[in-house]
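**Q** just a sequence and a predicted model for now, questions to come.
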Amino acid sequence: MGRLGSNVNWSAQAFIARKASRHTRITCHTPISHAARRAGGLGLWSGVSPVSALAYGGGMIVLFTDFGHHGPYVGQMKAVLHRIAGSVPIIDLLHDAPAFDPRLSSYLLAAYAGEFPEGSVFVCVVDPGVGSARQPLVLRAGEHWYVGPDNGLLQAVTQRSLARQTCKDDRTEAWRITWRPERLSDSFHGRDLFAPIAGRLAIGEVPPGTPVYGAAIDPASILRPDWPTDLAEIVCVDPYGNLISGLRASGLKPDAVVEAAGRRLPHARTFCEVPVGSAFWHHNSNGLVEIAVNQARADAVLGLGLGDPIRIA
């Protein structure tokens, strides 16, 4: 098993160890792995194994991709993750993220990530540049870890984590992945690169192979300055035809009007507050501005889709 870069290894293990130290009832029957000992894990863990510490804290592996629900790709990633971290739950968060569009997907990822417990590791794959010079990343944003491409997909998560960084435990850190597996296909880094890294992080161990796993970088360096903090565009069309934007609703007053497709849409708390067939906007369950039509498809009624702009009047 290869050695993880010392900064990454210390940060991942120390984070889970701090989580475990809050619970005095933890008992450990699983010895620390040889790799973790070689990486200095014995002193950090103080007798608590990475696996038992993470399991007690409720961490998960979370999949966020644009692979869709057909074909073998999700299953192949899960096979790798299960082989490495079989004791850690794997959650399918989203597999129909906007295809080939890390920009739109970034705002969805940031909106959905907050539901997951401390120590969760997100495998994020919306990667139209796979096999190119784009770099793979590991990001720690507060209590969560993210593994994915440096193509803007982790933009909103990074930006918001940096904005709320108030103490050491909330810190935002990033590393470029320099480790490569023996088998690395040109077109499936989700399975061959991101999943092995995520699996090792999820159990507090180091990834296999050499050379050194990753080099620490300034997390601000992965930001794209021309991408806004909130995106006034449609970033998702859900199965009901509702139009989810990249705008956080917390910044809007209830009397705000949303302009879209040449129409002025009033606010309503929920669907039943407007007549059947009427369009409105609301603060959706994930904190975003969403345009809907009561008992109809907003995308069909308004003629809107992914990437279409909206405006707050």
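**A** Perfect, I can see it now.
**Q** burial count for Phe271?
**A** 16 (other Cβ atoms under 10 Å). Quick note: C-beta positions are derived from backbone N, CA and C, even for glycine.
**Q** that one touches Gln295, doesn't it?
**A** Yes - counting by Cβ atoms under 8 Å, Phe271 does reach Gln295; the two are 7.4 Å apart.
**Q** for His189, grab the count of nearby residues.
**A** Look at His189: counted by other Cβ under 10 Å, it has 22 neighbours.
**Q** relative to Asp308, how far out is it?
**A** 30 Å (Cβ to Cβ, to the nearest Å).
**Q** next: Thr65.
**A** Counting by Cβ to Cβ - Thr65 and Asp308 are separated by 23 Å.
**Q** what about the stretch 1-150 of the chain, any weak spots by pLDDT?
**A** Filtered on pLDDT under 70, the stretch 1-150 of the chain yields the residue ranges 1-58.
**Q** quick one, helices of it?
**A** Secondary structure of the stretch 1-150 of the chain, counting by DSSP state H, counting those that start in this stretch: helices at 6-21, 34-38, 41-45, 50-57, 73-84, 102-112.
**Q** and stretch 204-221, end to end?
**A** End-to-end distance of stretch 204-221 (Cα to Cα, to the nearest Å): 26 Å.
**Q** report the rounded mean pLDDT for that stretch.
**A** In this model, stretch 204-221 carries a mean pLDDT of 68.
**Q** equivalent analysis for stretch 253-260, please.
**A** So the average pLDDT for stretch 253-260 ends up being 95.
**Q** give me the buried positions along it.
**A** Judged by neighbour count (16 or more other Cβ atoms under 10 Å), stretch 253-260 contains these buried residues: 258, 260.
**Q** now it, how far from the chain's geometric center?
**A** Distance, stretch centre to chain centre, for stretch 253-260: 29 Å (Cα atoms, centre = their mean, to the nearest Å).
**Q** list the contacts of it.
**A** 243, 264-267, 281, 289, 291, 302, 304, 308-313 (Cβ atoms under 8 Å, 6 or more residues apart in numbering).
**Q** Thr65 and Asp308: which is more packed in?
**A** Thr65 (24 against 17).
**Q** for that one, which non-adjacent residue is spatially closest?
**A** The shortest distance from Thr65 to any non-neighbouring residue, by Cβ to Cβ, 6 or more residues apart in numbering, is to Val125 (4.4 Å).
**Q** what sits against the residue of the chain positioned farthest from its centre?
**A** Computed with Cα atoms, centre = their mean, the residue of the chain farthest from its C-alpha average is Pro275, at 36.7 Å. Residues near Pro275 by Cβ under 8 Å, 6+ apart: Asn294.
**Q** now do Met77
**A** 63, 65, 123, 125, 190-191, 194-195.
**Q** Arg176 and Arg103, how far apart?
**A** 21 Å.
**Q** for Pro128, that is, sorry about that
**A** For Pro128, the distance to Arg103 equals 11 Å [Cβ to Cβ].
**Q** those two: which is more packed in?
**A** Taking other Cβ under 10 Å, Pro128 and Arg103 do not tie; Arg103 has more neighbours (20 against 13).
**Q** nearest residue to the more buried one in space, please, no chain neighbours.
**A** Nearest one to Arg103, counting by Cβ to Cβ, 6+ apart, is Gly152 at 5.5 Å.
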